[in-house]
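Colleague: Here you go, sequence then predicted model.
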Amino acid sequence: MIRSTTIVRLRDKLPLAASTDDSQDLNELAKYTAEEKEIVRKLNPTSESRASIESGPFTHHYLISNGVIYITICEKSYSRKLAFTYLDDLAKEFSTSNGNKIDNPDLRAFAFISFDNYMQKTQRVYEDSRTNLNLDKLNAELQDVTRVMTKNIEDLLYRGDTLDRMSNMSSTLRAESSKYRSAAKKINFDAMIRQYAPIAGVSLMFVFMVWWIFLR
């Protein structure tokens, strides 16, 4: 279940819009909204563009797109694929309707509070029981988030890790993966050469002998 969502301008951390499920106890979420603010404070243009940060029974999922942070608090059991597809949906609509306004230096906090209506409607769609029951059917359309960096809130906030370090770790993993893929391709190519080179050599020799005997 999606518990709350906040949209923040990346460069100065100005909150632009927010939505919280009215049925939820705000006191229950107080600790996690404080964590959310700390996560947002640590984000910068070099941070990983999307990540999941686990905290007790909840997970913070965030997406950075076009200079804007979209961050949501979900119950840990809620699908990460649905969470990031939900954030992608918000990012596309917010960019379409307000993208040309977010760089205005005179913007006040929660200047786009009216976007809350769209956020709540979209949230209800992604919480619909039929959506969750049909998750297998949705998988073909949902973005692959298997490489989304996942971090524990204690590591991030209380043990000195940073989201920049997460980004560096993720980039290193991708670089290493690419290197090993290239090495695997070379090994496969070498194996193919060893397998077929003798056959090719014999074939060429046979063609040469036919030419020498019958066609020369």
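Modeller: Right, received. Where do you want to start?
Colleague: can you map out the helices along this protein?
Modeller: 26-42, 80-98, 116-127, 129-133, 135-138, 153, 163-210 (DSSP state H).
Colleague: Domain ranges for this structure, per the record?
Modeller: 2-161, 164-216 (automatic domain parsing).
Colleague: Considering those domains, which stretch scores lowest in mean pLDDT?
Modeller: Among the domains of the chain, domain 164-216 carries the lowest mean pLDDT, at a mean of 59.
Colleague: For Ile53, which non-adjacent residue is closest in space?
Modeller: His60 (4.4 Å; C-beta to C-beta, 6 or more residues apart in numbering). Backbone N, C-alpha and C define where each C-beta goes, glycine included.
Colleague: now Gly30: how far from His60?
Modeller: Not quite, residue 30 is Ala, not Gly. 14 Å (C-beta to C-beta, to the nearest Å).
Colleague: Check Thr33 too.
Modeller: 10 Å.
Colleague: which neighbours do these two share?
Modeller: Here Thr33 and His60 share the contacting residues Ile73, scored by C-beta atoms under 8 Å, 6 or more residues apart in numbering.
Colleague: Neighbours of the residue nearest to Ile53, how many?
Modeller: 24 (other C-beta atoms under 10 Å).
Colleague: Tell me, how many residues neighbour Ala30?
Modeller: Ala30 has 10 nearby residues by other C-beta under 10 Å.
Colleague: residue contacts, it?
Modeller: Counting by C-beta under 8 Å, 6+ apart, Ala30 has no contacts.
Colleague: what's the distance between it and Arg3?
Modeller: Distance from Ala30 to Arg3, by C-beta to C-beta: 12 Å.
Colleague: and for these two, which residues touch both?
Modeller: Joint contacts of Ala30 and Arg3 (C-beta under 8 Å, 6+ apart) do not exist.
Colleague: how far away is Thr122 from Ile53?
Modeller: Counting by C-beta to C-beta, the gap from Thr122 to Ile53 is 22 Å.
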